[in-house]
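> Structure for the following, please:
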Amino acid sequence: MERRNSKEWINSLKIAIINNDLEKIKKYSKRDIPSFDSIEEAKETLSLIENATNILKKEKEKISKNMQALKQAKKFTQNNHISTFNFNA
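Here you go, the predicted model:
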């Protein structure tokens, strides 16, 4: 992994959060967090990580709802398919 200074890392994560760039947020969540030059940088990073976590949680919920809707549609289609072509019913 490339080494970046803390300011670069913070700014890159900020940009990813502002742009709601899930791929970059995931990328930064897998990287080592750099050492900070000040307590303020550490606090800012904590806040950014909380924001990133919230974005990822919302995306997970969205995907979960979509998957549930797909499962229901599949079940509906399968049930309709059976009753539509069941001439003995």
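> For the residue positioned nearest the centre of the chain, which non-adjacent residue is spatially closest?
With distances taken as CA atoms, centre = their mean, the residue of the chain nearest its centroid is Leu56 (2.9 Å). Leaving aside its sequence neighbours, Leu56 sits nearest to Ile25 (CB to CB, 6 or more residues apart in numbering; 6.5 Å). Just so you know, the C-beta spots here come from the backbone N, C-alpha and C atoms, and that holds for glycine as well.
> residue contacts, that neighbour?
Leu13, Ala16, Ile17, Ala52, Ile55, Leu56 (CB atoms under 8 Å, 6 or more residues apart in numbering).
> Report the rounded mean pLDDT for the strand or helix carrying the fourth one.
Ala52 belongs to helix 39-84 when assigned by DSSP states H and E. Regarding helix 39-84, the rounded mean pLDDT is 89.
> List of residues touching stretch 54-74?
Stretch 54-74 is contacted by residues Ile17, Asn20, Leu22, Ile25, Lys26, Ser29 when judged by CB under 8 Å, 6+ apart.
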